[in-house]
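Q: need a 3D model of the sequence below.
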Amino acid sequence: MLRLLLSLLVCLSAVTAQDRYERLMRDILIFDAHIDTPRYFVDEGYRLADEHGYYELDIPRMKKGKLGAVLFGIYAQPGDYAPQLWLPRSIECLEALHREIKTNRADMEFAWSATDIERIHKSGKLAALASLEGGHLIADSTRVLGAFHRLGIRYMTLAHFKTNNFADSMTDVEVHNGLSTFGKDLVREMNRIGMMVDVSHISDKAVLDAVETSKAPVLASHSSVKAISPIARNMPDEVIKAVARKGGVICINFHAGYLDPKAYDVYMKNRPARDQEIKEVLAMRANDPSKWELVRGIQRKYYAQMPKVSYKVLLQHIDHIAKIAGPDHVALGSDFDGVSGMVPVGMEDVSKYPVLVKGLMEMGYNDTDIRKIMGLNIVRVLRAAEEAAEK
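A: Sure, this is the predicted structure:
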């Protein structure tokens, strides 16, 4: 009799959990703060309507994963393009994003505000937004920043992989001891126009300067936890807590090398050889469309050499921030289509987000906190930025 009762309780618990999961998935807003697809529209003729066996986002897989909103990243890495090309490249990618959204208007719509996100999500479409990755892209001009905001840019990362005139990068030489005076003025101007301040990629001191200077909460659009994986690109606990105290959010980066230090060591050891192979292919086959498949093959070859990292490690990063700063201050910033295929096992593309919902349920998170982590925290920070703007 006791065995029968225990068996019935297990079955009832499973049914209850499945009912809860299905109820959550009916209307949950899953919001990813950083996906880098737009460059593929320009370079490769990549189309969102088609389901692909490569890269991480398209509309069919988006629907499978119940993705509701995306902040698409617009960038030109300072080491890859000459300075005179940074601004035109950014505009080219942003224009391509607007065209792709218009082409697929039955499935997605450009969102200009937090209210737009909620409306578009309720309509069953993807809310698409845009961001700039790196202050170098505005040619040191706050007028250009304002123009980008009118074109739909809703956050800007203060620096990318290189230190610029605004901020020290966490992966480059520090010259400002955080933000420069110019950088602090930039943060104030972003507040004035209602643009979110993104503190991923910048040095710890620069993050603290941005938090202190900004009158609105800041966003780390794609950063992970240094206490779990002690690498340069990740955030230490004291910085995470400072962002949280101001109401900000840290969005976890899905790059397998950022989640696990052993994977990072292999990734960094192989990166020079990988990048050289890619450079040679692009040079030798400059006019051959098949070059992109060859590039993807090189990336897959080096990914196969990395230790496998489970999506459960990603959940550990989320859980760490929720524990030290609270569930109001963690979200998702996958860096999909910007991680060169270096994805966790079980989180290969945008179709896999429901795995995180189930994982958070299994870890004991309540529905309210799961909804915040999976999307509502980012909406809150965007709305706070809008409310801080001068009317």
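
Q: count the residues that sit near the nearest residue to A389 once chain neighbours are set aside.
A: Distances taken as C-beta to C-beta, 6 or more residues apart in numbering put G194 closest to A389, at 3.1 Å, once the chain neighbours are dropped. Placement of C-beta: from N, CA and C, glycine included. Using other C-beta atoms under 10 Å, G194 is surrounded by 20 other residues.

Q: likewise M156?
A: M156, neighbours per other C-beta under 10 Å, totals 26.

Q: just the strands from the stretch 201-350 of the chain, written as ranges.
A: For the stretch 201-350 of the chain, the strands defined by DSSP state E, counting those that start in this stretch cover 219-220, 249-252, 330-332.

Q: and the shortest one, what's its mean pLDDT?
A: In this model, strand 219-220 has an average pLDDT of 98.

Q: which elements pack onto that strand?
A: strand 196-198, strand 249-252 (3 or more C-beta pairs under 8 Å, 6 or more residues apart in numbering; DSSP states H and E).

Q: kindly reformat these as JSON lines containing distance to M347.
A: Supplementary listing: these in JSON lines, determined by distance: least, C-beta to C-beta, whole Å:
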{"stretch": "strand 196-198", "distance to M347": "22"}
{"stretch": "strand 249-252", "distance to M347": "11"}
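
Q: including mean neighbour count and distance to L137, could those go into JSON lines?
A: Compiled in JSON lines, those are given as follows (neighbours: other C-beta atoms under 10 Å; distance: least, C-beta to C-beta, whole Å):
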{"stretch": "strand 196-198", "mean neighbour count": "30", "distance to L137": "12"}
{"stretch": "strand 249-252", "mean neighbour count": "30", "distance to L137": "20"}
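
Q: what about stretch 277-293, how long is it end to end?
A: Stretch 277-293 has an end-to-end distance of 13 Å (C-alpha to C-alpha, to the nearest Å).

Q: what does it contact?
A: 43-44, 294-295, 298-299 (C-beta atoms under 8 Å, 6 or more residues apart in numbering).

Q: what sits against S131?
A: 34, 71-74, 153-157, 198, 221.

Q: mind redoing it with 6 Å?
A: Contact analysis of S131 by C-beta atoms under 6 Å, 6 or more residues apart in numbering lists 71, 73, 155.

Q: quick check, pLDDT for it.
A: pLDDT for S131: 98.

Q: checking it next. Helix, strand or coil?
A: Recorded secondary structure, S131: strand (DSSP: H, G, I helix; E, B strand; the rest coil).

Q: who's it bridged to?
A: Beta-bridge partners for S131, by DSSP bridges, are G73.

Q: so G79 sits in a helix?
A: No. G79: not assigned to a helix; according to three-state DSSP it is coil.

Q: can you pull the pLDDT of it?
A: pLDDT, read off for G79, is 84.

Q: could I get the contacts of S131 as CSV with pLDDT?
A: Listed next are the contacts of S131 as CSV, based on pLDDT from 0 to 100:
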residue, pLDDT
L71, 98
G73, 98
Y155, 98
